[in-house]
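Colleague: build the 3D model from these lines:
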Amino acid sequence: VQLQASGGGLVQAGGSLRLSCAVSGTTSVINIMGWYRQAPGKQRELVATVTESGNTAYADSVKGRFTISRDNAKRTVYLQMTSLKPGDTAVYYCNAYIFFYPSYRSHWGQGTQVTVSS
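Modeller: Numbers count the residues shown, from 1 in each chain. Down below sits the predicted model:
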């Protein structure tokens, strides 16, 4: 199983980026997909999640600025980030809970760097 994240980069404050993460190597059911981030010297934190049916949840710090979505046919999760702030600078990791009998297991992508300059 592989989760391939892409779309990170350097952007000025107020700008936008779109992250993508595609799951490959399995056709098993994917339950919750999400994005997490880890800034230097800080713990990894939840950014946003989306269920298979499309229900979403966000960290308070990104509500109204970030939008998570998924394409179940493409087995891909997206994170549209707008009004970016320097505080959003971090390595962003995608995560997916994939069913491997008898339960769902957590899988992580390799991380993509997002840097927001002031």
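Colleague: distance check, the closest residue to residue 94 other than its chain neighbours against residue 41.
Modeller: Closest residue to residue 94 apart from its sequence neighbours, by C-beta to C-beta, 6 or more residues apart in numbering: residue 21 at 3.3 Å. C-beta: built from backbone N, CA, C; applies to glycine. Here the criterion is C-beta to C-beta, to the nearest Å. By it, residue 21 lies 24 Å from residue 41.
Colleague: neighbour count: those two, which is higher?
Modeller: Taking other C-beta atoms under 10 Å, residue 21 and residue 41 do not tie; residue 21 has more neighbours (27 against 5).
Colleague: show me how far stretch 32-46 is from its chain's centre.
Modeller: Centre-to-centre, stretch 32-46 and its host chain are 9 Å apart (C-alpha atoms, centre = their mean, to the nearest Å).
Colleague: what comes into contact with that stretch?
Modeller: By C-beta atoms under 8 Å, 6 or more residues apart in numbering, the residues outside stretch 32-46 that reach it are 19, 21, 47-52, 59, 68, 70, 77, 79, 88-97, 111, 114.
Colleague: start and end of that stretch, how far apart?
Modeller: End-to-end span of stretch 32-46 (C-alpha to C-alpha, to the nearest Å): 13 Å.
Colleague: go on, stretch 31-47?
Modeller: Terminal residues of stretch 31-47 lie 17 Å apart, using C-alpha to C-alpha.
Colleague: wait, the residue nearest to residue 94 sits on residue 5?
Modeller: Yes: in terms of C-beta atoms under 8 Å, residue 21 counts as a neighbour of residue 5; the distance is 4.5 Å.
Colleague: hang on, the earlier thing: I'd like to know which of the contacts of stretch 32-46 are buried.
Modeller: For the contacts of stretch 32-46, a burial check counting by 16 or more other C-beta atoms under 10 Å picks out 19, 21, 47-50, 68, 70, 77, 79, 88-97, 111, 114.
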